[in-house]
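[1] Sequence first, then the predicted structure:
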Amino acid sequence: MQDNFGILGNDNSFKEKAYDVCEFVLDAFSLKETFMEIVKKFKYLNASLIEESFDFAAKAHSGQKRLDGSEFIVHPVSVALILINMRLDTETICAALLHDVVEDTNCTIVDVKNVFGKNISDLVKGVTKLNKIFYVSGNVRQVENFRRMFFAIAKDVRVIILKLADRLHNMKTVCFHEDKKKRLICQETLDIYASFASIFGLFNIKWELEDLAFRGLEPIKYHEILVGVSQKRAEREKYIKNILLALKVELKKENIKAVVEGRPKHFYSIYKKMLAGRSIEEIYDLFGVRIIVDSVKDCYISLWIAHKKFKPIFGRIKDYIAIPKSNMYQSLHTSVIDSNGYVVEVQIRTVDMHEKALNGIASHWKYKTCSSENAANFKDNYFDVYDKLYKRFSGTYRRLKVSEEMLSLLKIDIFDDKVYVFSPIGEVLEFPKRSTVLDYAYFVHSYIGNKFSEAKVNGISVTINYEIRNGDVVLIITDKDSDGPKYDWINYVVTVNAKTKIKEYFKKKNNFFKEEKLDYVSNDKGYRKQSISINNAKENNKKYKFVRIGSDLSFKFRVKFILTANDEAFLFKKIIELIENKGFFVKNLNSMIIDSNIARINLTVDFFELFQIEETIKSLRSIKGIFSIITSY
């Protein structure tokens, strides 16, 4: 596989691979013996339970063949080997061997549970559910695939890792499908499976899935790149050897223990660069080098060494150690120019960062024995990744109709490359590339988006369609007297969140004029002014004090709050939601940094009664991060 995928140097990944399934010619009669020899090399695995799973699967699949003519058991064994390479736990390896028995044999999930217990049967059940999608439309199938994969994470993220390994092995034999189905599978792999692998940092799987899908979709272009890479191999390897040697010498002078190696250039990434108008000759002037060291301190020293030895390119230095990517990826990136004018891309990271860069969430299970507990602990280690996806998908996407538009928005909002910007209080926020300041405003809160007046980026006023870039500090200025968004604003946003909120605003506005409405005041928890249809009011059978639209129901108290608080993520959002959920109205909101990690937040709120002010102060005090409240009215 190294020859096919144009590896610049050896990528040992700091571990001996269990077995390269791509080069493994499996013989059905000796398969068990060979497989168990491999399993027993990994002392943390429960070999007897895995052997029992093998026997159960082999018996269930007896007599079945794959499209390539091999024994069916070859597939689950190959999936298990991929997961062993990733150091997954015993439960996952057993589930890999059993993952097709419910779907493709007479065995039931109850049979699996009776023999292997609930944990393993739940993993098998999870993968089986992901397989049962029978839509004709490719786009609808992809969206439903995404839905099912996402909600499988909520139960046990190992289901997704197992499914990705399953798809990876299936892609190696995708050529045996008829052309139409092959293209459907390859496109789905590129759009959904490779993207999911990227989201959770499983880059080894992502790169191989992309290249296999690319080969299936564009075989001629794939071959052209293969030939181009092969022709330049000798020249490239000679050059990279000199670069590696020079870096090793400089690192040794500074007593830095490091592994310095060439890193892979994958065919699909080359193809994407060629789509941007670059020739393969230009792309292969970009050489890749990876430096792996023992500590974070050594990472930054190594960066200095690389810049001392070679000339750094301005604007190409990225510190993903200080600010990790959303999938927990950490590394220092820089590009330098050598004495011959060649550009060298350098990545610098620790051993632990390298493991996570290759295997992402799978590295959480490395060398663990039984790990249902570890599956639960997943959210502690990767909570930010999961929480962002959950809020984005279970909220906004659940309201969207499954369609080609939804798939397109998914690709932009969740799977596209990201930019990282700063809020005025220093919070790092992630957006899809090409997002605008208006996307940013709606991300903070729909109130901020709807009342958008002006945006400042790095202290300078920008237009409403300004595309935010890495490192931008974004400040949104609102106008409390604004009539709300204009419908053409939908052309200035790319995120699903912003598009949905703009559409919802106008939908509510249109419904307001279509139905006869009343304003009412509810006496349940203070007063709340709200528009409600006459029919709904009758159906709810509640006691309302009704007032016709246009009647005077003005506030009695306008209160100014000054909050001193920690520089905490989403504090603006928490405050606005708390007050609006009580039925009151935020008239003004702004903040400023007054000391290291301390912000002063000013807001003005309209109330109807005095007791509501006291209740609000009490609720604000319950928000973590607020430690002083001053009011005036």
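    Sure, I can see it. Residues are numbered from 1 along each chain as shown.
[2] Longest helix in this protein, please.
    As far as residue count goes, and with DSSP state H defining each element, the longest helix of the chain is helix 233-253.
[3] The helix or strand following that one: partners in the sheet, and parallel or antiparallel?
    In the C-terminal direction, the helix or strand that comes right after helix 233-253 (DSSP states H and E) is strand 258-262. Partner strands for strand 258-262, per DSSP bridges, with pairing direction: strand 286-293 (antiparallel).
[4] can you state the direction angle for the strand it pairs with and helix 233-253?
    Orientation note: strand 286-293 sits at an angle of 30 degrees relative to helix 233-253 (axes from the mean of the first three to the mean of the last three Cα atoms, to 10 degrees).
[5] Please enumerate residues in contact with strand 286-293?
    Residues external to strand 286-293 that are found in contact with it (Cβ atoms under 8 Å, 6 or more residues apart in numbering): 8, 14, 236, 239-240, 243-244, 247, 251, 256-265, 299, 302, 306, 342-351, 354. Glycine gets a C-beta too; all of them are placed from N, C-alpha and C.
[6] same thing but at 7 Å, please
    With contacts defined as Cβ atoms under 7 Å, 6 or more residues apart in numbering, strand 286-293 is touched by 8, 239-240, 243-244, 247, 256-263, 265, 299, 302, 342-351, 354.
[7] Flag every buried residue along that strand.
    Judged by neighbour count using 16 or more other Cβ atoms under 10 Å, the buried positions of strand 286-293 are 287-293.
[8] Return the alpha-carbon coordinates of the host helix or strand of Lys163 using CSV.
    Assignment of secondary structure by DSSP H and E places Lys163 within helix 158-171. These are the backbone C-alpha positions of helix 158-171, laid out as CSV (Å, rounded to 0.1, in the frame of the first residue of the first chain):
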residue,chain,number,x,y,z
ARG,A,158,-17.0,2.3,19.5
VAL,A,159,-20.0,1.5,17.2
ILE,A,160,-18.7,4.2,14.9
ILE,A,161,-15.1,3.1,15.0
LEU,A,162,-16.3,-0.5,14.2
LYS,A,163,-18.5,0.7,11.4
LEU,A,164,-15.6,2.8,9.9
ALA,A,165,-13.3,-0.3,10.0
ASP,A,166,-16.1,-2.3,8.4
ARG,A,167,-16.5,0.2,5.6
LEU,A,168,-12.7,0.4,5.1
HIS,A,169,-12.4,-3.3,4.4
ASN,A,170,-15.5,-3.3,2.2
MET,A,171,-13.9,-0.5,0.1
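[9] Which strands or helices does it pack on?
    The helices and strands touching helix 158-171, judged by 3 or more Cβ pairs under 7 Å, 6 or more residues apart in numbering; DSSP states H and E, are helix 74-85, helix 90-98, helix 118-131, helix 138-155, helix 194-199, helix 203-217.
[10] Kindly compare burial across these and name the winner.
    With neighbours taken as mean count of other Cβ atoms under 10 Å, the helices and strands packed on helix 158-171 reach their highest mean count in helix 90-98, at a mean of 28.
[11] following that helix, which helix or strand comes up?
    Following the chain from helix 90-98 toward its C-terminal end, the next helix or strand by DSSP H and E is helix 101-104.
[12] Columns pLDDT and distance to Thr90 on top of the buried residues of strand 286-293, output as TSV?
    Rendered in TSV, the data for the buried residues of strand 286-293 read as follows (pLDDT from 0 to 100; distance: Cβ to Cβ, whole Å):
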residue	pLDDT	distance to Thr90
Phe287	66	41
Gly288	81	36
Val289	91	37
Arg290	93	31
Ile291	95	35
Ile292	95	29
Val293	95	32
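[13] orientation of the helix holding Lys163 relative to helix 90-98 in degrees?
    Helix 158-171 and helix 90-98 meet at an angle of 40 degrees, taking the same axes, to 10 degrees as the criterion.
[14] Could you check the angle helix 158-171 makes with helix 74-85?
    Computed with the same axes, to 10 degrees, the direction of helix 158-171 lies at 120 degrees from that of helix 74-85.
[15] mean confidence score for helix 158-171?
    Taken as a whole, helix 158-171 has a mean pLDDT of 90.
[16] One more: stretch 328-340?
    If you average the pLDDT values across stretch 328-340, you get 87.
[17] which parts of that stretch are buried?
    Buried residues in stretch 328-340, defined by neighbour count with 16+ other Cβ under 10 Å: 328-336, 338.
[18] Please enumerate the helices of the stretch 351-500 of the chain.
    351-359, 372-381, 383-390, 404-410, 437-444, 446-450, 496-514 (DSSP state H, counting those that start in this stretch).
[19] If we only consider the buried residues of stretch 328-340, which is nearest to Glu208?
    Top of the list for closeness to Glu208, among the buried residues of stretch 328-340 and by Cβ to Cβ, is Tyr329 at 17.6 Å.
[20] Does that closest one belong to a helix, a strand or coil?
    Using DSSP: H, G, I helix; E, B strand; the rest coil, the secondary structure recorded for Tyr329 is coil.
[21] Could you number the chain from 9 rather than 1 from now on?
    Sure, I'll start numbering at 9, so the last one becomes Tyr337.
[22] Distance check, it against Lys488.
    From Tyr337 across to Lys488, the span is 41 Å (Cβ to Cβ, to the nearest Å).
[23] got the buried residues for stretch 477-497?
    Along stretch 477-497, the positions that meet the burial threshold by neighbour count (16+ other Cβ under 10 Å) are 480, 482-484, 486, 493, 497.
[24] for stretch 267-284, same thing?
    268-276, 278-279, 281-282.
[25] what do you get for stretch 38-48?
    When neighbours are counted by 16+ other Cβ under 10 Å, the buried residues of stretch 38-48 are found to be 39, 43, 46-47.
[26] cool, and stretch 116-127?
    In stretch 116-127, counting by 16+ other Cβ under 10 Å, buried: 119-121, 124, 127.
[27] what comes into contact with it?
    Residues outside stretch 116-127 that contact it (Cβ under 7 Å, 6+ apart): 61, 64, 99, 102, 106, 109-110, 128-129, 132-133, 380.
[28] quick revisit: just the buried ones from the contacts of strand 294-301, in PyMOL syntax?
    With 16+ other Cβ under 10 Å as the criterion, this PyMOL line picks the buried residues out of the contacts of strand 294-301:
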select buried, resi 16+247+248+251+252+255+264+266+268+269+270+271+273+307+310+350+352+353+354+355+356+357+358+362
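[29] residues in contact with Asp112?
    Residues Gln72 are the ones in contact with Asp112 under the rule Cβ under 7 Å, 6+ apart.
[30] On the three-state scheme, the residue nearest to Pro320 when sequence neighbours are not counted is what?
    For Pro320, ignoring the flanking residues on the chain, the nearest one in space by Cβ to Cβ, 6 or more residues apart in numbering is Val344 at 5.2 Å. When the structure is split into helix, strand and coil by three-state DSSP, Val344 lands in strand.
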